[in-house]
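Participant: Whatever this is, show me its structure:
(chains A and B)
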2 protein chains.
Amino acid sequence: MLPRGRPRAMGAAALLLLLLLLGFLLFGGDLGCERRKQGGRAGAPGCFPGPLMPRVPPDGRLRRAAALDGDPGAGPGDHNRSDCGPPPPRPSKCELLHVAIVCAGHNSSRDVITLVKSMLFYRKNPLHLHLVTDAVARNILEMLFHTWMVPAVRVSFYNAEELKSQVSWIPNKHYSGLYGLMKLVLPSALPAELAHVIVLDTDVTFASDISELWALFAHFSDTQAIGLVENQSDWYLGNLWKNHRPWPALGRGFNTGVILLRLDRLRQAGWEQMWRLTARRELLTLPATSLADQDIFNAVIKEHPGLVQPLPCVWNVQLSDHTLAERCYSAASDLKVIHWNSPKKLQVKNKHVEFFRNFYLTFLEYDGNLLRRELFGCPSQPPPGAEQLQQALAQLDEEDPCFEFRQQQLTVHRVHVTFLPHEPPPPRPHDVTLVAQLSMDRLQMLEALCRHWPGPMSLALYLTDAEAQQFLHFIESSPVLAARQDVAYHVVYREGPLYPVNQLRNVALAQALTPYVFLSDIDFLPAYSLYDYLRASIEQLGLGSQRKAALVVPAFETLHYRFSFPHSKVELLALLDVGALYTFRYHEWPRGHAPTDYARWREAQAPYRVQWAADYEPYVVVPRDCPRYDPRFVGFGWNKVAHIVELDAQEYELLVLPEAFTIHLPHAPSLDISRFRSSPTYRDCLQALKDEFHQDLSRHHGAAALKYLPALQQPQSPARG
Amino acid sequence: MLPRGRPRAMGAAALLLLLLLLGFLLFGGDLGCERRKQGGRAGAPGCFPGPLMPRVPPDGRLRRAAALDGDPGAGPGDHNRSDCGPPPPRPSKCELLHVAIVCAGHNSSRDVITLVKSMLFYRKNPLHLHLVTDAVARNILEMLFHTWMVPAVRVSFYNAEELKSQVSWIPNKHYSGLYGLMKLVLPSALPAELAHVIVLDTDVTFASDISELWALFAHFSDTQAIGLVENQSDWYLGNLWKNHRPWPALGRGFNTGVILLRLDRLRQAGWEQMWRLTARRELLTLPATSLADQDIFNAVIKEHPGLVQPLPCVWNVQLSDHTLAERCYSAASDLKVIHWNSPKKLQVKNKHVEFFRNFYLTFLEYDGNLLRRELFGCPSQPPPGAEQLQQALAQLDEEDPCFEFRQQQLTVHRVHVTFLPHEPPPPRPHDVTLVAQLSMDRLQMLEALCRHWPGPMSLALYLTDAEAQQFLHFIESSPVLAARQDVAYHVVYREGPLYPVNQLRNVALAQALTPYVFLSDIDFLPAYSLYDYLRASIEQLGLGSQRKAALVVPAFETLHYRFSFPHSKVELLALLDVGALYTFRYHEWPRGHAPTDYARWREAQAPYRVQWAADYEPYVVVPRDCPRYDPRFVGFGWNKVAHIVELDAQEYELLVLPEAFTIHLPHAPSLDISRFRSSPTYRDCLQALKDEFHQDLSRHHGAAALKYLPALQQPQSPARG
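Facilitator: Down below sits the predicted model:
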């Protein structure tokens, strides 16, 4: 795997070159300005002062000294005060800026989100993101942006699969793979009416307002079409090692991590033919691209130097090992965009890497909810659903004692599905996914759960952005968890004081990809054999196809936090008899599982039907298209009970499986439950929710809902979860 | 309690005034610029365009329309493009900027930290903070900045108590109290050589680089000495309600939340006499200041309008209910400093409050560790200890399998002592403080602990910045916890992968204020009577004074997470006999407490002496000046054992108390412990730490340390905590 621009200590030859080129320096700046004043023309540089800019004279020779080897004291911040006239006009306050990003797979999707957070933090303009994605990234990012609801951000998706054929003929050795080449086809892939676009790699971080970058379009001469920053490594100089033969480039060449594209001009100039011709010709003598699109961009630019407008290097500060970037910026205040363009990413080593890493971590851990802030001053169409949400929130009465409940119910949580790499299970007709939800305080359950359930799982995690990173490290450092590609983790970002338990369950349920789901809770460990047994039972009973039923998995509990898990029903019954196990909530709330009829289960050889009764909340296996959980139940209480009521109302049979069992492990009460158990308003509000639930139930099921009325009116035990 | 500038719907009279004043608008801007071009003079405004600036003509009448009632479309962002000439020069890259803040008490100290975080996030210059503090704030902030180790930030403290007498004669009704008046004495309190300073209220948040604010000093005419933003409320107009008689001011007056002070000029102009004379005169007819220093600043300015340089309103966007601030900024991009100047703070209601709140929360929850980033490009003296730390870190070998341990040991954690209001216990000769440490996953223990221990506690909490806010809400929403002023919570900010258990214990221990400490763990509940019993035992035994001893509190455990706590030793023994309780770690690690000799304890009527043995780790009561915990033990294992070894080596007697007991409650293993129990390197590293511990022990205690050698060489049980 090759980095884009792996640098090396400069050799004597390069030093000589440097000295020679220094001669151009003092002169170059003024010349550039003169040219600009006389009106731009093909190949003329923009009006930047000398020290930081590579200059491309019409003959195509690059005066590289100007870019990297100049006086580091003269930062780009000085541009605006040069004698070259006024600074580039900022885009008008509410001008829509367009940004294109190619993104494929789970890991790149996480990267894009960090990039977007940094962009949103500093942006002051409405943005339109053009995302070229594979199916995985689209699934993730579509849901993410839909639930993020950031004002004044529009997102369009483009199918990378459809574009593949246009670049798949190019042999490529870069780690970005085929997707690394896709920036080449943006002029044809993006809408014909789109004239300007900023193109970004997924591994860049903004340290400034993107409108400043956009403003550099104004520097383009009439024929320039591509704005780029020079490479901050010696890769393209071809002297890094023996037989190192890079693609052709002007001097150090340009880095394509940040590109300003005049799409209109490229289309006019016949870009599609242009890059294909160059690539084909070079591939006659070169075996493959090493740095993906960047090789081809550079080869085209070497042939057509008039196309390129060099950009100040601070707009793409390239962090490879021993990068030359330091010559570009002289102080932290100069940095505009940081580019983690080494395959080592954050593990790269260079002088200021701690600074850069801190900067990156800022956005990695930044609470994305805070970026929902309105871009006031710029009228923009609100994100889909935002207006109704605002209206609903505005109608809430802050004096209502249940205000927190109402507000929590209306909260739209940001959702990042398949946060980690995930292989969907192969289609199998009776396969079943374990569905559960958790927060940080239950992470330690995951390893045990993986040992007990060898099948697919869909887990929703309620986390802050910073916790999501801790979670990532937790998984990566666990060999057991890292090895499981069939466990899908969906991060639902925290917002509000109450735990949105049913919203979490619904996220996990919606993402289950097998025809059946086992609706469990995170503090239960299923019997080792349960996964196989459930699949066999589903097949035997014709669940879903012949029979509309919910299969009940009887629940037990241990009060000891060290205990040896039974390997069979026989062992389980023995433990039950000696009091090492109990039926679940036997002491505090037997009603929750009484209808399972444990006495009958002891003897049962075949599945048996049981009747719904008040407060029944068994763990069940149902077809994936089962009713959703009622999201109005936030916090603790009645969340599963309501779901079982709904199943019963929809006439699901309740069938207890004779060999199935699952065991609850003890844990300290969670923070949320401790906080609200003591609150008297809490129970009043829960009763209000139950009343409303019953009203809705009556609306849907008519007189049949009457059956549930007494159950809904009896007080809830305060100990219930 | 009165806000600074509580606004109200404008009456008809104000509307008329507004229309009249609008007449000045178009004319005002140009005039200002003309004056500037002719050279500044007393009372002439700086070179700001009209719409946003109050203008003070030499005769002292304030053309207020220019400030608040103008065209909101013309933001201060436009200044740089006005015809007024070049923008104010930014301070040179590495110029040291001075900031003064008055801060008193626990809550203001938290506020200051959020303010400082926002300032550091955007700053690009070295800063010198001048903090005028009471003893509480000094204790907190001195430790905080010492452990924060932010490069290129110097902090000086000034004793507010010594300044009190200069302002205590002024009757004041404002909620900020006496400290609210202290800004008046800054010219004499700050060092005589200090000429320029920015003065900030604790409730402001930066949204931009403070050097832009500093640059406004360049706008001062030769005689101007105070830069201020106009009030964004009608308070000083005196028409808010019947008999509302505010202090005299020019029009709406100025807000003193953000001040640019030319200290040199104020001293020259005889500021001390000036404000005292004015205040004395006004107090002849007014009963007291309503808005603290602000009333007096305004009264002085009304008399000496030539002193003031009005600043663009975006540098002090005042968020009271129904603020007029909206007329100041037209878009989010205009905002520079946000001022939460309503007593309602974040609960204030106005059109864009959600935006402002998000902005504030950004810094409230921001990981302060990330601000340790170097201000490269500006050579600056490293914070005390930083160089040695860097050297020690640089000497670590990243390939060492124990690298994480070594790094964690060297980590300097930011420490915020007494995060919440705290009353030190009254001095009592035998008083004892319970000392423990915890992280988020044990918060639910606090209420029970408070019920069991009515005495003082000193607790160290290992939290992220965001978790510290959750913790704050947790305490505030618990009546039990909110009522306890004798529990001191010290936040130690998370950094690194290993739990720095002994560093946390040492923070809590160092902050204990009673002569004795009970060194406990957070998952233990002491006997209800333990606090009284310990004090009586300390007195009887002459602990500390006559006898160098550690009093052992025997430890028990329950494996059930619901259980009824014994009210006496008799009840405890009964539970022990029926197997509802065990001696602590009876099943997994009896050695840890075997020397306590539980059989003897059953019968004991008086304290008895026991001998140290390998792996003994009892919970003990010792004088506050006992040895510290060894901070090299990070993560889990050997942390308490090493402390008991040190006590024994220092010849503390171990005395078991016959009526004392404490009971461990069950809990799921913490994330940290699960993560490392499985790691084989973990135990190797622990052994390496133990070896080094013993080397140090030998160095200090010579041959006497030989006694501990076998204990240190035997392998640690993997189950140990």
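Participant: Which one of the residues in the stretch 351-500 of chain A is closest to chain B?
Facilitator: Nearest residue of the stretch 351-500 of chain A to chain B, counting by Cβ to the nearest Cβ: A:Gly377, 2.5 Å away. (Glycine included, C-beta is placed from N, CA and C.)
Participant: That residue and B:Glu326 touch, don't they?
Facilitator: No: the pair A:Gly377 / B:Glu326 is not scored as a contact, 10.5 Å apart, by Cβ atoms under 8 Å.
Participant: so where do the helices sit in the stretch 101-250 of chain A?
Facilitator: Listed in chain order, the helices of the stretch 101-250 of chain A (DSSP state H, counting those that start in this stretch) span A:105-122, A:135-148, A:160-167, A:186-189, A:210-214.
Participant: Quick one: those as CSV, columns for mean pLDDT too.
Facilitator: Below are these laid out as CSV (pLDDT from 0 to 100):
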stretch, mean pLDDT
helix A:105-122, 96
helix A:135-148, 97
helix A:160-167, 95
helix A:186-189, 97
helix A:210-214, 96
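Participant: CSV please, covering the ones you listed and showing distance to chain B.
Facilitator: Listed next are the helices of the stretch 101-250 of chain A as CSV, based on distance: least, Cβ to the nearest Cβ, whole Å:
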stretch, distance to chain B
helix A:105-122, 8
helix A:135-148, 14
helix A:160-167, 34
helix A:186-189, 29
helix A:210-214, 9
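Participant: who wins for proximity to A:Pro287 among those?
Facilitator: With respect to A:Pro287, and counting by Cβ to Cβ, the nearest of those is helix A:160-167 at 16.5 Å.
Participant: Show residues contacting stretch A:388-395.
Facilitator: Here stretch A:388-395 makes contact (Cβ atoms under 8 Å, 6 or more residues apart in numbering or on different chains) with A:149, A:382, A:407, A:410, A:412.
Participant: per-residue pLDDT, the fourth one?
Facilitator: Confidence per residue is given as pLDDT, and for A:Leu410 that number is 92.
Participant: would CSV of the helices of the stretch 101-250 of chain A with distance to B:Thr433 and mean neighbour count be doable?
Facilitator: Below are these laid out as CSV (distance: least, Cβ to Cβ, whole Å; neighbours: other Cβ atoms under 10 Å in any protein chain shown):
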stretch, distance to B:Thr433, mean neighbour count
helix A:105-122, 43, 22
helix A:135-148, 47, 20
helix A:160-167, 63, 16
helix A:186-189, 66, 20
helix A:210-214, 53, 21
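Participant: Can you give me every residue that contacts A:Asp523?
Facilitator: Taking Cβ under 8 Å, 6+ apart as the test, what A:Asp523 contacts is A:442, A:445, A:664-665, A:667.
Participant: if we can go back for a sec, tabulate the helices of the stretch 101-250 of chain A (TSV), appending distance to A:Phe403.
Facilitator: Formatted as TSV, the helices of the stretch 101-250 of chain A follow (distance: least, Cβ to Cβ, whole Å):
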stretch	distance to A:Phe403
helix A:105-122	29
helix A:135-148	23
helix A:160-167	45
helix A:186-189	48
helix A:210-214	38
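Participant: low pLDDT regions in the stretch 501-650 of chain A?
Facilitator: Along the stretch 501-650 of chain A, segments meeting pLDDT under 70 span A:561-562.
Participant: residue boundaries of the helices in it?
Facilitator: Going by DSSP H, counting those that start in this stretch, the stretch 501-650 of chain A shows helices at A:501-510, A:530-541, A:569-577, A:598-603, A:639-649.
Participant: List the buried residues in the longest one.
Facilitator: Taking 16 or more other Cβ atoms under 10 Å in any protein chain shown as the neighbour-count basis, helix A:530-541 is seen to contain the buried residues A:530-531, A:533-535, A:537-538, A:541.
Participant: Among those, which one lies nearest to chain B?
Facilitator: Closest to chain B, out of all of the buried residues of helix A:530-541 and judged by Cβ to the nearest Cβ, is A:Leu530, at 21.8 Å.
Participant: Is it correct that that closest one is in contact with A:Val553?
Facilitator: Yes: contact criterion Cβ under 8 Å: A:Leu530 and A:Val553 qualify, at 7.0 Å.
Participant: Now do the shared contacts for those two.
Facilitator: Listed as contacting both A:Leu530 and A:Val553 by Cβ under 8 Å, 6+ apart are A:518, A:660-662.
Participant: among the residues you listed, which two are most distant?
Facilitator: Farthest pair in the shared contacts of A:Leu530 and A:Val553, by Cβ to Cβ: A:Phe518 and A:Phe661, 12.5 Å.
Participant: overlap in contacts of those two?
Facilitator: A:526, A:530, A:553.
Participant: Which residue is the nearest non-sequential neighbour of A:Leu481?
Facilitator: Distance criterion Cβ to Cβ, 6 or more residues apart in numbering or on different chains; nearest residue to A:Leu481, sequence neighbours excluded, is A:Ile475 at 4.7 Å.
Participant: Assign the one you found to helix, strand or coil.
Facilitator: helix (DSSP: H, G, I helix; E, B strand; the rest coil).
Participant: Am I right that A:Gln166 is in contact with A:Leu186?
Facilitator: No: using Cβ under 8 Å, A:Gln166 and A:Leu186 do not qualify as a contacting pair, with a distance of 10.8 Å.
Participant: quick one: the strands in the stretch 151-300 of chain A?
Facilitator: Along the stretch 151-300 of chain A, counting by DSSP state E, counting those that start in this stretch, strands occupy A:153-159, A:196-200, A:204-206, A:226-230, A:254-262.
Participant: likewise the stretch 351-500 of chain A?
Facilitator: Using DSSP E, counting those that start in this stretch, the strands of the stretch 351-500 of chain A run over residues A:415-416, A:432-439, A:457-463, A:487-493.
Participant: Let me know the angle separating the longest one from strand A:457-463.
Facilitator: Relative orientation of strand A:432-439 and strand A:457-463, computed by axes from the mean of the first three to the mean of the last three Cα atoms, to 10 degrees: 10 degrees.
Participant: Now do strand A:432-439: distance to the chain's middle.
Facilitator: Remark: strand A:432-439 is offset 20 Å from the chain centroid, using Cα atoms, centre = their mean, to the nearest Å.
Participant: Ok, the first one next?
Facilitator: Centroid separation between strand A:415-416 and its chain, computed with Cα atoms, centre = their mean, is 7 Å.
Participant: helices and strands around it, which ones?
Facilitator: For strand A:415-416, the packing partners by 3 or more Cβ pairs under 8 Å, 6 or more residues apart in numbering or on different chains; DSSP states H and E come out as helix A:135-148, strand A:487-493.
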